[in-house]
Each structure stands twice: as C-alpha cells, then as structure tokens.
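> let's see this in three dimensions:
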Amino acid sequence: MNSSQRRNSVVWGLLFFLTLIAMPSSASAQLKKPPAPAPSKPAAPPPKPAATPKPAEHAKPAEAPKPAEAPKHEAKPATAPTGGATHTGTTIGVRTGTSATPHAGNTSGVRIGGATNTRASGTAPAAKTDSVREFREPVVVSHPGGGKSVTNAAGHTTNINPAGKKISLQTSGGTKANFDRSGYIKTIHSRTGMTISHGAHGERRFESRQPDGGRVVGFGHGRGFTEHGYVRGGHPYMRRTYFSGGRRYAYAYRGYYWHGHPYYLYVSPYYYGPAYYAWAYDPWAAPVAFDWGWGAAPWYGFSGYYFAPSPAYDSAALWLADYMLAANLQAAYESRAQAIAAAAASSDAAGGQAAITPELKQLIAEEVRAQIAAEKAAADNPESAAPVSSAPPSAGESGADQLPAALDPSLKTFVVSAVLTESMPDGTECSLSPGDILTRIQDTPDANQSVKVSVASSQRNDCAAGTQIAVAVTDLQDMHNDFRAKVSEGLAKLAENQGKKGLPSSPPVDAKLNPNGQAQPDLSAEAALKAQQEEAGQAESDVQQASTVTPDSDD
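The predicted model follows:
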C-alpha cells in the first residue's frame with residue numbers, strides 16, 4: 001500500500017468513526033421528540049414532521065367528547081308548556097349520527113289535553129335544537145242545516161248557529177253555558193248540577209237540587225230560600241225558608257200530583273173573616289186615590305218607564321195588583337248584585353220593552369179576585385190541624401191527579417217572580433225578570449213538562465213582548481205560588497191601611513191562624529245559601545275564562 005492509499009484509508013476511517021458517533025445522538029433526539037397534535041406546521045420543510053401526527057388525526061381525540069352535547073337537547077324540554085311530556089335519556093327523541101331512528105310511536109309536537117312531546121336532532125344546527133311547540137288544529141264539526149261546533153286545544157267546545165252567533169259552550173271540565181243573541185252568558189249548568197241564570201239587569205239566580213229532593217235557590221248577597229219536604233196528616237208538604245236582610249221566615253206548601261209529576265201549592269198561614277173577604281172582593285162604592293210613597297225609592301225610579309200605579313182604585317183587587325207588581329220590582333232591584341248603572345246605560349241594546357198597560361193590570365186584578373174567592377172558600381171550610389212527621393215524602397210517591405194551578409184554564413196570566421232564562425228558536429236564550437208578565441197559550445205540557453207562553457209585557461233587554469217561548473210548568477207554578485203569597489201579604493197590608501190615606505174603612509178583619517199553613521224556618525238556610533253562592537262563583541269564573549278563548553284559537 002502506497003502513501004496515497006494509506007491517506008485515503010485513514011480519511012474513510014475517520015468518516016466512519018464520526019458517523020458512529022453521530023448516529024446515537026440523532027436517534028436519541030428522534031425518540032425524545034413527542035408526537036405533535038397536528039395543528040402547527042414545522043418551520044423546516046425537509047423532515048416534514050407535520051406528517052407524523054396523521055395517526056392522531058385519524059383517532060380524532062379532540063372530537064371524542066362530542067356525545068356530551070346530547071344533554072343540551074335533553075335539557076330543552078324544560079321549556080315545554082306545563083303539562084308537557086318530557087322524554088329523558090339519550091335514545092329518545094335524540095338522533096346521534098345518521099344511523100339512529102326516531103323514537104317509535106312518537107306523537108311529538110301535538111298538544112292533546114295540554115301534553116306536548118318534543119323532538120330534537122343531533123344533526124340539527126345549534127340554533128334549531130330548541131323544542132318546537134306544534135299546536136293541535138281546532139276540531140270543527142259541521143251541523144246539518146248549518147252551524148258548527150269548534151273544539152280548541154284547551155278542550156273547550158263552542159257551538160255556533162247558522163247565523164254565526166255562538167249559542168253555547170262546554171268547558172273541558174264539563175261546565176256548560178248558553179248565550180243570548182248579543183253573546184252574553186245567560187245560563188250556566190255546573191258539573192255538580194247547579195243552574196245559574198243571569199238576568200238582563202245584573203240579577204242572578206242559583207238553583208241546586210238536594211239529596212232529599214229539596215232545593216236551594218239563591219239570588220246573591222245571601223238572599224234566597226231552601227226547601228225541604230215533610231209529611232202532614234199523611235199528605236206531602238214542602239217547607240220553604242226564605243232568608244233576606246238577616247231575616248228568616250218560612251211558608252208551607254201542600255203537595256199533589258198531576259200525571260205522576262209532583263207540584264206544590266202555597267197554603268196561607270192566616271185566614272180572615274168572611275166580611276173582610278167580601279169587602280176585598282167586591283167593588284168599592286167609589287174610586288179612591290192612594291199615595292204609595294214610592295216617589296223617592298230607587299227601585300221606582302229604575303222601573304218608572306215600565307210600571308206606574310193606578311191613579312185611582314175602584315176595588316181592593318186593583319190595589320192588590322199594584323202592591324204585588326211593586327213588590328216584585330222592588331225585590332228584583334234589590335237582587336241586582338251589580339251593573340245597575342251599566343244596565344241603564346245599555347237600555348238601547350237588543351230586546352224591546354212593553355210597559356204594563358191598564359188592560360193588562362186589570363187582568364191581573366181579576367186573578368187577584370179569583371184568589372180572594374179561593375181563600376174565602378178555604379177559610380169557610382178549614383182543614384183540621386194535622387200532625388207533622390219529620391220524615392220526607394217517599395221518593396217516587398204519587399197520588400190522585402189534581403190539576404195544578406199552572407194549567408188551570410181559568411188562569412192565563414202569570415207575573416214572573418224570579419229570574420228565568422228561556423230558549424229561543426235560533427238556539428240563543430233570552431231572560432225574564434221579576435215583574436215581566438206572561439200569558440199561557442197552551443194547556444197541555446210537552447214531553448219536557450213545558451207549555452208555550454207569550455210574553456205580554458217585559459222590561460228592557462228581556463224577552464221581547466210578543467215572543468213565544470216554552471216555560472216549565474213548575475216555573476209557572478212557582479209564579480202562581482208567589483202570586484198567592486203576595487195576595488196574602490197584601491191582604492194584611494190592606495187591613496193595616498184601611499181607613500187611611502184615602503182608603504175606605506173595612507169590616508172587622510178577624511184574622512185567624514191556619515195551623516196547616518205554619519212552618520218552622522230552616523236554621524241552616526243561611527249557611528246553605530252561602531256555600532251555594534261560592535260554588536256558583538267558581539262555575540261562573542270557569543265559564544268566563546273559557547269564553548274569552550276564541551273558538552279558533554289554541555290558547
């Protein structure tokens with residue numbers, strides 16, 4: 001080997017030695033360098049270290065928490081309406097990925113009876129992950145001949161006649177209401193069986209049946225009466241306890257039957273001497289004027305357009321007719337719990353008026369005379385005092401038929417004594433107020449035990465004069481009983497005033513107690529009326545809330 005070869009051999013040896021020294025340092029540097037997470041680009045392009053994170057990118061560790069976003073969707077149903085059904089868990093109503101399917105049988109988005117289900121999608125944009133309320137469409141049912149029923153999402157059903165006027169409403173709770181032609185609530189039937197009648201001037205009447213067959217009838221502000229049956233001398237009787245102005249008193253009614261239906265007839269608590277009855281029945285020697293002293297009374301000012309006392313009286317019967325009409329109008333005024341001013345201001349609303357004419361008042365006076373004659377006959381042949389049993393009459397009891405006064409062909413004229421609401425041909429209702437006058441034009445009751453009457457005279461916004469409506473025979477009987485009671489009261493008032501204020505003097509009154517016409521007041525009447533009024537107030541509130549919801553609305 002020459003010197004040149006030796007030099008080359010030394011150089012290559014040195015290079016090999018240096019290479020051996022450099023290799024462990026480079027390997028160590030490569031082992032100590034951690035794998036980059038991916039985002040940053042290296043400054044030195046030749047080694048391209050950015051390519052090494054590829055496996056990490058494939059594993060996508062940054063997206064691993066993605067399923068944790070599902071609770072965002074599950075939490076949203078908390079914003080659903082009260083009563084809404086909320087699905088929990090990640091497999092109901094949430095789609096994670098493209099292979100998942102919606103919850104089987106899902107009725108999402110339909111509100112039925114207030115329940116609302118919701119659906120969310122994991123693939124939906126964040127702005128659209130909130131629960132979506134989809135309301136049920138109103139259910140509309142068309143009626144043959146026109147009109148329709150509309151049930152909204154709240155479950156309230158409104159019935160509308162062919163003219164487009166709502167005629168009745170049934171709430172989701174079962175309370176029913178009927179409307180007049182102006183859309184005002186006239187009658188409410190609660191789910192407990194109570195009937196609430198609204199007059200045209202703010203009057204109200206609440207009626208409910210009791211387990212013993214009796215009734216509780218209220219007029220608001222603690223006024224009204226309760227009824228309970230009992231037996232006297234083997235005959236069914238009914239005791240009616242009135243409560244008004246803190247005063248409690250009771251009347252007795254004798255029960256009888258007509259075609260299997262029970263009716264009750266007022267029994268006078270007092271009878272008078274034959275001479276006094278004759279003086280009250282026969283015409284007086286000359287007409288006389290009488291100052292009633294009503295000029296400053298609020299009720300008289302309110303009713304002055306409708307009623308005026310006769311300028312002169314030629315008999316006690318005519319005087320008693322005015323006494324009875326005034327008593328009804330005064331009681332009606334006192335029972336108006338509210339809106340008297342509003343009623344006066346709205347006197348031009350639908351429903352005409354017809355003042356009481358002298359001819360109509362004379363018809364009432366003739367029926368007063370007939371009642372005086374009937375009382376005289378009863379006084380001439382009084383029944384002996386019969387023992388009283390506290391046991392109520394047996395349910396379903398009946399007896400020999402006796403035509404009720406309400407159907408007596410000789411009695412055609414009736415004075416309304418309590419607020420009533422009656423159906424019109426178009427399905428709406430109109431009201432009758434105390435002091436309105438009816439003429440019965442049908443003698444045979446229909447299947448509903450009602451007879452047709454014509455409105456002879458009525459006050460503002462009541463059923464218009466000339467209107468023909470069907471009235472229950474029991475309601476006509478109540479009017480007649482009130483008529484008899486006021487004639488009896490009037491005879492006592494007439495006896496107090498005879499020989500005074502221009503009235504002629506009467507023969508001796510000779511008042512005597514009628515034992516069968518006596519009744520002890522019900523001491524629980526006040527509490528029963530109070531409880532009934534509270535229940536009526538709740539029913540009215542329920543209907544008022546439901547009636548403010550338009551038929552085509554979901555809320």
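
> for the rest of this, base every contact and every neighbour count on C-alpha atoms.
OK.

> quick check: longest strand in this structure by residues?
strand 247-258 (DSSP state E).

> please pull up the helix or strand immediately following that one.
Once the chain leaves strand 247-258, the next helix or strand it forms, by DSSP states H and E, is strand 261-267.

> give me the contacts around that next one.
237-238, 251-257, 398, 404, 474, 477, 481-482, 484-485, 516-517 (Cα atoms under 8 Å, 6 or more residues apart in numbering).

> let's see that with 6 Å instead.
Defining contact as Cα atoms under 6 Å, 6 or more residues apart in numbering, one finds that strand 261-267 is touched by 252, 253, 254, 255, 256, 257, 481, 517.

> ditto for stretch 288-307
For stretch 288-307, the external contacting residues (Cα under 6 Å, 6+ apart) are 312, 313, 330, 333, 355, 356, 501, 502.

> thinking again about what came up before, now the angle from the longest strand of the chain to strand 261-267?
130 degrees (axes from the mean of the first three to the mean of the last three Cα atoms, to 10 degrees).

> average model confidence for stretch 323-343?
For stretch 323-343, the mean per-residue pLDDT is 75.

> can you check stretch 372-390 too?
On average, the pLDDT along stretch 372-390 is 89.

> what's the spacing between that stretch and its chain's center?
Put simply, stretch 372-390 sits 42 Å off its chain's centre (Cα atoms, centre = their mean, to the nearest Å).

> likewise stretch 499-517?
Distance, centroid of stretch 499-517 to centroid of chain: 46 Å (Cα atoms, centre = their mean).

> hmm, back to that, pLDDT for the contacts of strand 261-267 - can I get that in TSV?
Formatted as TSV, those follow (pLDDT from 0 to 100):
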residue	pLDDT
252	97
253	96
254	94
255	93
256	91
257	92
481	97
517	95
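
> list buried residues within the contacts of stretch 288-307.
313, 330, 333, 355, 356 (16 or more other Cα atoms under 10 Å).

> out of those residues, which is nearest to residue 207?
Nearest to residue 207 out of the buried ones among the contacts of stretch 288-307 is residue 333 (Cα to Cα; 19.4 Å).

> now that closest one: how far from residue 482?
17 Å (Cα to Cα, to the nearest Å).

> and residue 143, by the same measure?
Residue 143 sits at a distance of 41 Å from residue 482 (criterion: Cα to Cα).

> now swap in residue 533 and tell me
To residue 482, residue 533 is 23 Å away according to Cα to Cα.

> what about the helices in the stretch 151-300 of the chain?
Remark: helices assigned in the stretch 151-300 of the chain by DSSP state H, counting those that start in this stretch are 274-281, 298-303.

> please disregard the earlier target; I meant the stretch 451-555 of the chain.
Applying DSSP H, counting those that start in this stretch to the stretch 451-555 of the chain gives helices spanning 473-497, 525-547.

> more neighbours: residue 143 and residue 482, which one.
residue 482 (21 against 13; other Cα atoms under 10 Å).

> now the more buried one. Nearest residue, chain neighbours left out?
residue 417 (6.7 Å; Cα to Cα, 6 or more residues apart in numbering).

> from what I can see that neighbour touches residue 432, true?
No - counting by Cα atoms under 6 Å, residue 417 stays clear of residue 432, with 9.1 Å between them.

> and what about residue 386, helix, strand or coil?
Classification of residue 386 using DSSP: H, G, I helix; E, B strand; the rest coil returns coil.

> so it makes contact with residue 231?
No - contact criterion Cα under 6 Å: residue 386 and residue 231 do not qualify, at 9.5 Å.

> with neighbour numbers in mind, choose between the two.
For residue 386 and residue 231, the more surrounded residue by other Cα under 10 Å is residue 231, and the numbers stand at 20 against 13.

> hmm, back to that, tell me the most buried of the helices of the stretch 151-300 of the chain?
Of all the helices of the stretch 151-300 of the chain, helix 274-281 has the most neighbours on average by mean count of other Cα atoms under 10 Å, namely a mean of 19.

> related to what we said a few turns ago, Three-state assignment for the residue nearest to residue 482, please.
coil.

> tell me where the model's unsure across this protein.
Applying pLDDT under 70 to the chain flags the ranges 1-136, 337-352, 394-399, 549-555.

> and it, what are its domains?
Domains of the chain are assigned by automatic domain parsing as 139-200, 270-511.

> how about those domains in TSV, adding distance to residue 225?
Listed next are the domains of the chain as TSV, based on distance: least, Cα to Cα, whole Å:
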stretch	distance to residue 225
domain 139-200	15
domain 270-511	12
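
> ranking those domains by burial, who's on top?
The stretch of those with the highest mean neighbour count (mean count of other Cα under 10 Å) is domain 139-200, at a mean of 20.
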